[in-house]
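J.: Next input, structure requested:
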Amino acid sequence: MAADKAQSSSVEAGMTESSSTAAWTIEQWLHCADQRLAINYQEGISLPSVEKYEAVIAAYDEVLQIAPDNAEALQGKGAALCWLGRELVDEGRYEEAIAVYDQAMQSEAHDSWKKATFPGRWLALHELGRYETVITSCDQAMALELIDPDDNDVCCSKGAALHKLERYEEAIGFYDRVLETLHYYQRYDLISNKGAALSALGRHEEAIELYDRVLVLRVTHYDYKVFYSKGYTLQQLGRYEEAIELYDRVLALRVNDDYKERTLCGKWTALYESGRYEDVITSCDQALASKPLTPNSYSAVVSKGYALSALGRDAEAVELYDRLLEVLPHDDYRVILCKGLALDNLGRDEEAIELYDRVLALNPDCPTALHNKKLLLKDCVNE
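T.: Below you'll find the predicted structure:
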């Protein structure tokens with residue numbers, strides 16, 4: 001590892017020196033860039049920063065200025081552009097990432113490197129909300145035969161974009177065309193997505209049947225996605241106890257923070273809808289235990305607050321919302337609305353109206369705030 005770091009430092013020093021060493025030979029530039037790329041690929045060594053990839057690309061550009069057709073430099077630059085794009089996506093610099101991927105596509109790099117740009121490009125476009133562009137890009141990649149029509153990345157990216165645009169029937173048709181050529185157990189992710197599209201159309205029973213087919217055919221470490229999707233669908237049907245059981249199965253597995261948060265929210269909602277308010281409070285307390293409130297505590301705080309209000313413990317709910325509002329970086333109308341509803345329940349009308357006004361200043365079309373404020377003002381006039 002120490003030798004690797006020393007090698008890395010020597011390469012970086014060479015690149016820095018290169019700004020004043022225009023007389024380097026093609027072989028020297030290629031050696032400099034290739035050393036950096038080799039270090040990048042070594043197992044156990046973290047990927048370098050954006051600046052280091054830019055240095056690699058600069059080294060290849062020096063070669064290409066002297067020898068525009070040098071195959072090694074062309075391929076190396078294509079690889080470096082691909083990795084640079086991934087770094088930019090990881091840093092949330094999505095527009096820059098897309099521009100870099102465009103460079104890679106316009107380069108003379110091998111098709112394998114051009115293909116490698118697509119997942120990052122689609123992720124960046126998704127993050128920017130440019131779903132139509134995702135669909136167009138997926139279709140172009142398949143039409144140019146740069147990527148297989150049943151490739152996991154293209155299927156998930158296009159399908160997710162269709163979901164975001166609420167084009168559910170089209171999404172189902174797309175998934176069906178892909179699944180015709182594959183065994184169901186091979187594409188649990190697409191089946192889960194198809195089930196979500198069916199649920200969005202109110203076809204919950206069909207979605208559940210689909211999830212069951214996957215779970216019967218194969219058990220994998222990705223089953224938590226199917227468990228969650230089936231649980232959510234059961235919840236839509238009012239089958240709360242079954243949904244809770246599946247959510248618990250997800251939580252018993254090692255899942256990422258996003259899925260854990262999503263699953264907990266589903267469980268709290270199912271518990272609340274089934275009237276198990278004390279269980280909601282207990283579960284939320286477990287999630288909040290031993291750590292101070294942060295903006296990420298929103299779901300647990302609001303779920304617990306709703307359960308407290310359902311038990312007539314509105315004063316405790318108000319105190320809880322106040323604690324959350326103190327740590328939020330800006331006013332969140334949803335939390336303010338929750339506090340207003342609790343104050344409304346306590347008969348503290350003037351304070352509730354004041355909070356409804358704050359909500360409407362942030363979200364003028366909030367129906368709950370409009371309705372409740374109107375009722376309170378009417379009561380005041382009648383008095």
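
J.: ok, residue 233 - contacts?
T.: Applying CB atoms under 8 Å, 6 or more residues apart in numbering, we find residue 233 in contact with 195, 199, 204, 207-208, 211. C-beta coordinates here come from the backbone N, C-alpha and C atoms, glycine included.

J.: Reformat these as TSV; add distance to residue 254 and pLDDT.
T.: Below are the contacts of residue 233 laid out as TSV (distance: CB to CB, whole Å; pLDDT from 0 to 100):
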residue	distance to residue 254	pLDDT
195	23	90
199	26	93
204	28	95
207	25	94
208	25	94
211	21	88
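
J.: now, among those, which is nearest to residue 129?
T.: Nearest to residue 129 out of the contacts of residue 233 is residue 199 (CB to CB; 22.5 Å).

J.: since we're on that closest one, how many residues are nearby?
T.: Residue 199 is flanked by 23 other residues according to other CB atoms under 10 Å.

J.: My guess is residue 208 contacts residue 230. True?
T.: Yes: the criterion here is CB atoms under 8 Å, and residue 208 meets it with residue 230 at 6.0 Å.

J.: between these two, who's got more neighbours?
T.: Between residue 208 and residue 230, residue 230 has the larger neighbour count (other CB under 10 Å), namely 27 against 21.

J.: right, and the more buried one touches residue 214 too?
T.: No: with contact defined as CB under 8 Å, residue 230 does not count as touching residue 214 (9.1 Å).

J.: isn't residue 301 right next to residue 321, touching?
T.: Yes: applying CB under 8 Å, one finds residue 301 in contact with residue 321, separated by 7.1 Å.

J.: of the two, who's got more company?
T.: residue 321 (25 against 22).

J.: Let me know the secondary structure of that one.
T.: helix (DSSP: H, G, I helix; E, B strand; the rest coil).

J.: what's the spacing between it and residue 310?
T.: 15 Å (CB to CB, to the nearest Å).

J.: ok so, going back, list residues touching both of residue 208 and residue 230?
T.: residue 195.

J.: What are the buried residues along the top helix by length along the chain?
T.: Longest helix of the chain, by residue count under DSSP state H: helix 71-90. For helix 71-90, burial by neighbour count (16 or more other CB atoms under 10 Å) applies to 73-89.

J.: which residues of the stretch 1-150 of the chain score low on pLDDT?
T.: 1-54, 57, 59-61, 63-64, 66-75, 108-110, 113, 147, 150 (pLDDT under 70).

J.: Please enumerate the helices of the stretch 251-383 of the chain.
T.: Counting by DSSP state H, counting those that start in this stretch, one finds helices in the stretch 251-383 of the chain at the ranges 257-273, 277-288, 298-310, 314-327, 333-345, 349-362, 367-382.

J.: got those helices as a markdown table, with distance to residue 249 and mean pLDDT columns?
T.: Conversion of the helices of the stretch 251-383 of the chain to a markdown table gives the following (distance: least, CB to CB, whole Å; pLDDT from 0 to 100):
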| stretch | distance to residue 249 | mean pLDDT |
| --- | --- | --- |
| helix 257-273 | 9 | 94 |
| helix 277-288 | 15 | 96 |
| helix 298-310 | 20 | 96 |
| helix 314-327 | 29 | 96 |
| helix 333-345 | 29 | 96 |
| helix 349-362 | 37 | 95 |
| helix 367-382 | 34 | 84 |
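
J.: Just the ones in strands from the contacts of residue 233, please.
T.: Of those, none are assigned to strands by DSSP state E.

J.: now for the helix or strand following the longest helix of the chain, which elements pack on it?
T.: Counting by DSSP states H and E, the next helix or strand C-terminal to helix 71-90 is helix 94-106. Packing partners of helix 94-106 (3 or more CB pairs under 8 Å, 6 or more residues apart in numbering; DSSP states H and E): helix 71-90, helix 111-127.

J.: Now do the longest one against helix 111-127, angle only.
T.: Helix 71-90 runs at 20 degrees relative to helix 111-127, counting by axes from the mean of the first three to the mean of the last three CA atoms, to 10 degrees.

J.: Now helix 71-90 - C-alpha only, PDB.
T.: Output in PDB follows, covering the C-alpha atoms of helix 71-90 (Å, rounded to 0.1, in the frame of the first residue of the first chain):
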ATOM      1  CA  ALA A  71      -5.200   4.400 -30.400                       C
ATOM      2  CA  GLU A  72      -3.800   4.000 -26.900                       C
ATOM      3  CA  ALA A  73      -4.400   7.600 -26.000                       C
ATOM      4  CA  LEU A  74      -7.900   7.600 -27.600                       C
ATOM      5  CA  GLN A  75      -9.000   4.600 -25.500                       C
ATOM      6  CA  GLY A  76      -7.300   5.800 -22.400                       C
ATOM      7  CA  LYS A  77      -9.000   9.200 -22.600                       C
ATOM      8  CA  GLY A  78     -12.400   7.500 -23.200                       C
ATOM      9  CA  ALA A  79     -11.800   5.400 -20.000                       C
ATOM     10  CA  ALA A  80     -10.800   8.500 -18.000                       C
ATOM     11  CA  LEU A  81     -13.800  10.500 -19.200                       C
ATOM     12  CA  CYS A  82     -16.100   7.600 -18.100                       C
ATOM     13  CA  TRP A  83     -14.600   7.600 -14.600                       C
ATOM     14  CA  LEU A  84     -14.600  11.400 -14.400                       C
ATOM     15  CA  GLY A  85     -18.300  11.300 -15.200                       C
ATOM     16  CA  ARG A  86     -18.900   8.900 -12.300                       C
ATOM     17  CA  GLU A  87     -17.000  11.000  -9.900                       C
ATOM     18  CA  LEU A  88     -19.100  14.100 -10.900                       C
ATOM     19  CA  VAL A  89     -22.300  12.200 -10.400                       C
ATOM     20  CA  ASP A  90     -21.200  11.000  -7.000                       C
END
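
J.: Show which residues not belonging to stretch 349-367 make contact with it.
T.: Under the criterion CB under 8 Å, 6+ apart, residues 331, 333, 336-337, 339-341, 343-344, 369-370, 372-373, 376-377, 379-380 lie in contact with stretch 349-367.
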